[in-house]
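> The following block contains a protein sequence and its predicted model.
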Amino acid sequence: MSNLLDEIDINQYFPAALDWASNILLAILILLLGLWFAGKVNKLIVGASKKNKHLDDTLFRFLGSVARYLIIAFVVIAVLNRFGVQTASIVALLGAAGLAVGLALQGAMSNLAAGVMLLIFRPYKVNDFIDAAGRFGKVTEIDMFTTVLQTFDNQQVIVPNSQIWGDQIVNHSHYDVRGVDMHFGVAYDESTDEARAVIQSVLDNHPYVLKTPAPFVEVETLNNSSVDFLVRPFCKGEHYFDLLYSVPEQVKKALDENNIEIPFPHRKVILVKEKSE
């Protein structure tokens with residue numbers, strides 16, 4: 001009699017145990033396949049950036065991580081669904097939590113969005129000299145939220161990407177050849193041809209001034225007390241500041257040697273003596 005009862009109990013619970021075991025095995029299979037697929041998608045996205053030098057690794061690593069975690073999230077939901085868990089409420093809860101976090105991190109999200117745009121359109125890259133968000137320096141790092149600059153006095157400046165993307169960006173390293181604009185004034189009594197020849201000789205003898213394109217040396221303005229020349233020599237981008245801070249002194253010395261006056265602002269005062277009645 002007891003053997004019969006044991007057999008009845010076993011037959012009663014055997015289908016449920018089999019169903020539970022199959023659910024566990026299927027859940028493990030789904031989890032393993034999902035993790036493998038998530039890793040595969042991540043590697044494919046990251047690998048796409050390595051095939052094209054114009055694509056940014058940082059952006060694609062970020063996108064690969066986002067895709068990986070999204071797939072894992074769906075896999076976890078599918079696993080829970082195998083055990084009869086109502087996933088609709090979980091998805092709704094996650095959505096509400098995501099909305100709350102997004103509202104709390106509006107500034108961070110705007111920096112993230114700006115970082116994605118900067119990494120897609122790439123107005124500058126690491127080692128470029130840029131002028132952005134009121135700061136000038138060498139780009140040392142670009143991530144999803146900030147851009148790190150190194151200034152000439154060796155300061156590290158961390159600028160939020162939203163401030164850069166929403167403002168004017170000047171990339172001083174974009175072109176290989178740069179023009180360096182400078183202004184020099186000579187007195188009205190001096191010959192403009194002689195002054196131009198002196199300035200041109202300084203540029204011709206400078207080691208960093210390119211022959212092509214040729215330097216531009218012309219009168220730009222007839223000022224109150226001087227005739228002003230616009231001088232624009234061209235150089236390789238890495239020599240821009242060498243020209244900017246060496247040519248003015250050399251031009252000053254050359255004009256002095258040739259007795260060409262560099263005027264300073266002055267005002268002529270005429271005194272009129274009134275006749276007494």
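That came in fine, so what should we check first? Numbering: from 1, shown residues only.

> CA only for contacts and neighbour counts going forward, please
OK.

> D228 bridge partners, please.
G185, T221 (DSSP bridges).

> Return the residues in contact with it.
Taking CA atoms under 8 Å, 6 or more residues apart in numbering as the criterion, D228 is in contact with 183-186, 219-222.

> can you rerun that using 10 Å?
183-188, 192, 218-222 (CA atoms under 10 Å, 6 or more residues apart in numbering).

> spatially speaking, which residue is in the middle of the protein?
Nearest to the mean C-alpha position of the chain, counting by CA atoms, centre = their mean, stands Y124 at 5.0 Å.

> Tell me how far that one lies from W165.
In this view, Y124 and W165 are 11 Å apart by CA to CA, to the nearest Å.

> so what sits against both of the two?
Going by CA under 10 Å, 6+ apart, residues that sit against Y124 and also against W165 are L118.

> what number of residues lie near the closest residue to K236 other than its chain neighbours?
Spatial nearest neighbour of K236, excluding adjacent residues (CA to CA, 6 or more residues apart in numbering): V177 at 4.6 Å. The number of residues packed near V177 is 17, by other CA atoms under 10 Å.

> For T212, see how far away V177 is.
For V177 relative to T212 (CA to CA), the value is 10 Å.

> so what's in contact with these two at the same time?
With CA under 10 Å, 6+ apart as the test, V177 and T212 both reach 234-235.

> that older thread, and the contacts of D228, which are buried?
The neighbour-count test (16 or more other CA atoms under 10 Å) applied to those identifies 184-188, 192, 219 as buried.

> Just send these back as CSV, with distance to I120 and pLDDT too.
Formatted as CSV, the buried ones among the contacts of D228 follow (distance: CA to CA, whole Å; pLDDT from 0 to 100):
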residue, distance to I120, pLDDT
F184, 42, 96
G185, 45, 94
V186, 49, 95
A187, 52, 93
Y188, 53, 92
T192, 50, 95
V219, 43, 95
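
> okay if I get the residues you listed as a markdown table plus distance to S201?
Formatted as a markdown table, the buried ones among the contacts of D228 follow (distance: CA to CA, whole Å):
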| residue | distance to S201 |
| --- | --- |
| F184 | 14 |
| G185 | 16 |
| V186 | 16 |
| A187 | 19 |
| Y188 | 21 |
| T192 | 14 |
| V219 | 16 |
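
> nearest to F234, of the residues you listed?
The nearest member of those to F234, counting by CA to CA, is F184 at 16.7 Å.

> residue boundaries of the helices in the stretch 1-150 of the chain?
Here the stretch 1-150 of the chain has its helices, by DSSP state H, counting those that start in this stretch, at 2-50, 57-82, 87-104, 106-121.

> quick one: which of the ones you listed has the weakest pLDDT on average?
When the helices of the stretch 1-150 of the chain are ranked by mean pLDDT, helix 87-104 comes last with a mean of 62.

> one step back: and the residue nearest to the centre of the chain, what are its phi and psi?
The phi and psi values for Y124, taken as degrees, to the nearest 10, are phi -150, psi 170.

> Identify the residues contacting it.
118, 130, 139, 142, 169-174.

> try 8 Å
By CA under 8 Å, 6+ apart, the neighbours of Y124 are 130, 171, 174.

> now do T147
Contacts of T147 (CA under 8 Å, 6+ apart): 139-141, 158-161.

> what do you get if the cut-off is 6 Å, keeping everything else the same?
141, 158-159 (CA atoms under 6 Å, 6 or more residues apart in numbering).

> Equivalent analysis for S226, please.
185-188 are the contacts of S226 under CA under 6 Å, 6+ apart.

> What's the separation between the residue nearest to K236 and V139?
19 Å.

> remind me which residues of the stretch 101-250 of the chain are low pLDDT?
101-107 (pLDDT under 70).

> can you pull out the strands in it?
Ranges of strands in the stretch 101-250 of the chain, per DSSP state E, counting those that start in this stretch, are 129-132, 135-142, 146-150, 156-160, 169-171, 177-179, 182-186, 216-222, 227-232, 234-236.

> Of all those strands, which one is nearest G47?
Of all the strands of the stretch 101-250 of the chain, strand 135-142 comes closest under CA to CA, at 19.4 Å.

> Export the closest one to PDB, keeping only CA atoms.
Extracted in PDB, the C-alpha atoms of strand 135-142 (Å, rounded to 0.1, in the frame of the first residue of the first chain):
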ATOM      1  CA  ARG A 135      39.800  78.600 -23.700                       C
ATOM      2  CA  PHE A 136      42.800  78.000 -25.900                       C
ATOM      3  CA  GLY A 137      45.100  75.000 -25.700                       C
ATOM      4  CA  LYS A 138      46.200  71.700 -26.900                       C
ATOM      5  CA  VAL A 139      43.700  68.900 -26.900                       C
ATOM      6  CA  THR A 140      45.000  66.000 -24.700                       C
ATOM      7  CA  GLU A 141      41.800  64.000 -24.300                       C
ATOM      8  CA  ILE A 142      38.300  63.700 -25.600                       C
END
